[in-house]
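*Asks:* I'd like to go over a predicted model; first the sequence, then the structure.
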Number of protein chains: 2
Amino acid sequence: MEGLIIAFLLNLILASQAHTYTHHQNNPLLRMKTGGSSSLKYPLPNCLSWRIAVETGNLHDWNNLVPWECYDYIRQYLLGAQYNDECFMVADTAKDYAQDIENPKDGKSIWIFDIHDTLLSNLPYYTLADASFGDIPYSNPKFNEWMTEGSAPPLSGILYLYKNLTSFGIKSVFLSNIDDKYREVISSNLKAAGYTTWEKLILKGTSDPSDVVHYKSAKRTELVNAGYRVLGNIGDQWSDLTGHHVGDRTFKVPNPMYCVA
Amino acid sequence: MEGLIIAFLLNLILASQAHTYTHHQNNPLLRMKTGGSSSLKYPLPNCLSWRIAVETGNLHDWNNLVPWECYDYIRQYLLGAQYNDECFMVADTAKDYAQDIENPKDGKSIWIFDIHDTLLSNLPYYTLADASFGDIPYSNPKFNEWMTEGSAPPLSGILYLYKNLTSFGIKSVFLSNIDDKYREVISSNLKAAGYTTWEKLILKGTSDPSDVVHYKSAKRTELVNAGYRVLGNIGDQWSDLTGHHVGDRTFKVPNPMYCVA
């Protein structure tokens, strides 16, 4: 009986919270799992299942909002050891691959890195109330304001990969969807973070395609046409890793904070 | 000082265990994480990081052996609620997608399903000593012996997806890398498991390409050339979801037991 009362009170609290978070009403995941027609076995989302759906690319239309029930889970994941460990796991897997493949030393072997949340971490920004670990809608002006500080630290795992690839004679190409007007601040931020040299830093020009998959595909095609071999490609978004000329092998860096479709 | 002694003893125990499990010597992950040149922060693998590396496709050359340190973790994951929940998460995401897309009712809209560990579960086999949750090398004769019993249950999440897609007027095509000589037993197993009807059941013929990505690509190309629209494609292996004509959207079902490269 006591259990029933506790369950009833818990439901009341959750129901009241659901009404508080009105900006989440359009989140399909929330609709799916708390709506009356839900087919799932659980009244609340299983946050590990949600994260795995995001990481595998199964779920890529999640409206860029972390389900509010997963706020604590995602916060603890990002600030704890697991996120860092998963980044090192990606980096080590990519390093092992790059170490084993044939690489003619003709200066044409490249590795493509995405920039934000791949080379550089936006985590300090996402801990702020302005971003709230992806649990509130993304604000482009606020993010740009933070980015122009140029103080983003590296993701340690990816810096470790970058250094290893450089030592293998593989050149780095940094390819980002960010506007070219930020070239100077991004360039100095990258250097401060430990990425001291690169073959190309490609940022988005005014005449480039607006869609990220088309834009990145076009830039990779230009690289291939210029005689480069894309041995690998690493990014935190599936839109970094799909389209044309994605590279001989792609690597997904974890990111449950936001989604660039 | 005490801490040092404990660490020393622990290392001794781990070293002796590593020698006991001689059949794991070729596992690159083990080599990576217990070898002297390991770059990781952890002396033992973080099994969730390992599983996520497998699910994202970052790690696809793991020699088909679950790291022995992750045996308990994988066993508990598969027998507990998490595996089932993740399968339902994939199924619900795919269902939501299929429900929202345009689907001309001309009988040409299809969904491709892999069979083993997508439609039908091999989990009862993997619980046996013969398979040991993927922690010992895969035995083709033993698996085939089990498969010919025709007693594999459905993955509940995928059966739920199949029923929903059927109700949306999307036809199912079952595409497997398994030899066509097993057609009869697979066919009756599928029916017994609840998959009562299908547009095509494609199994591997003697003249088909041996490589799974080439084989499945060729079969999907034949379907597209015959006028079918592949709205979606679901499988537990990345080799089900890569190559040509993969479909408008792909869905990865979890499987940390084995890897079909």
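*Replies:* Right, received. Where do you want to start? These figures come from a predicted structure and were not determined experimentally.
*Asks:* so what does the host helix or strand of A:Thr93 touch, helix or strand wise?
*Replies:* Assigned by DSSP states H and E, A:Thr93 falls within helix A:81-100. Under the contact definition 3 or more Cβ pairs under 8 Å, 6 or more residues apart in numbering or on different chains; DSSP states H and E, helix A:81-100 sits against helix A:156-167, strand A:229-235, strand A:250-252, helix B:28-34, helix B:47-55. C-beta here means a position set from N, CA and C on the backbone, and glycine is covered the same way.
*Asks:* ok, then the element right after the first one?
*Replies:* Right, helix A:156-167. strand A:171-179.
*Asks:* Okay, buried residues for that next one please.
*Replies:* A:Lys171, A:Ser172, A:Val173, A:Phe174, A:Leu175, A:Ser176, A:Asn177, A:Ile178 (16 or more other Cβ atoms under 10 Å in any protein chain shown).
*Asks:* same thing with stretch A:97-107?
*Replies:* A:Tyr97, A:Ala98, A:Asn103.
*Asks:* Measure how far that stretch is from the centre of its chain, please.
*Replies:* 27 Å (Cα atoms, centre = their mean, to the nearest Å).
*Asks:* give me the residue from the stretch 151-261 of chain A nearest chain B.
*Replies:* Per Cβ to the nearest Cβ, A:Lys252 is where the stretch 151-261 of chain A lies closest to chain B, at 4.5 Å.
*Asks:* Pull up the per-residue confidence for the residue lying closest to that residue once chain neighbours are set aside.
*Replies:* Counting by Cβ to Cβ, 6 or more residues apart in numbering or on different chains, B:Thr56 is the residue found nearest to A:Lys252 once chain neighbours are left out, at 4.5 Å. Note for B:Thr56: predicted pLDDT of 97.
*Asks:* ok, A:Ser109 - contacts?
*Replies:* The contact partners of A:Ser109, by Cβ atoms under 8 Å, 6 or more residues apart in numbering or on different chains, come to A:Asn103, A:Gly169, A:Ile170, A:Lys171, A:Tyr228, A:Arg229, A:Leu231.
*Asks:* Likewise for A:Arg51?
*Replies:* Taking Cβ under 8 Å, 6+ apart, we find A:Arg51 in contact with A:Cys70, A:Tyr73, A:Ile74, A:Tyr77, A:Pro256.
*Asks:* sec struct for the fourth one, please.
*Replies:* Read that as A:Tyr77. helix (DSSP: H, G, I helix; E, B strand; the rest coil).
*Asks:* hang on, it packs against A:Met257?
*Replies:* No: between A:Tyr77 and A:Met257 there is no contact under Cβ atoms under 8 Å: 10.1 Å.
*Asks:* Of these two, which one has the most company?
*Replies:* Just comparing A:Tyr77 and A:Met257: by other Cβ atoms under 10 Å in any protein chain shown the higher neighbour count belongs to A:Met257, 22 against 19.
*Asks:* Number of residues surrounding the closest residue to that one other than its chain neighbours?
*Replies:* Nearest in space to A:Met257, with sequence neighbours left out and distances taken as Cβ to Cβ, 6+ apart, is A:Gly134 at 3.8 Å. A:Gly134 has 23 neighbouring residues, counting by other Cβ under 10 Å.
*Asks:* Kindly report the same for A:Thr197.
*Replies:* 10.
*Asks:* hmm, back to that, what element comes up after the helix holding A:Thr93 heading to the C-terminus?
*Replies:* For helix A:81-100, the following helix or strand on the C-terminal side (DSSP H and E) is strand A:109-113.
*Asks:* List every C-alpha atom in the following helix or strand past that following strand, with coordinates, as PDB.
*Replies:* Downstream of strand A:109-113, the next assigned helix or strand under DSSP H and E is helix A:123-126. Below are the C-alpha coordinates for helix A:123-126, written out as PDB (Å, rounded to 0.1, in the frame of the first residue of the first chain):
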ATOM      1  CA  LEU A 123      31.400  21.400 -22.900                       C
ATOM      2  CA  PRO A 124      32.300  24.600 -20.900                       C
ATOM      3  CA  TYR A 125      29.600  26.400 -22.800                       C
ATOM      4  CA  TYR A 126      27.100  23.600 -22.300                       C
END
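*Asks:* what is the mean pLDDT for helix A:123-126?
*Replies:* Averaging pLDDT along helix A:123-126 yields 95.
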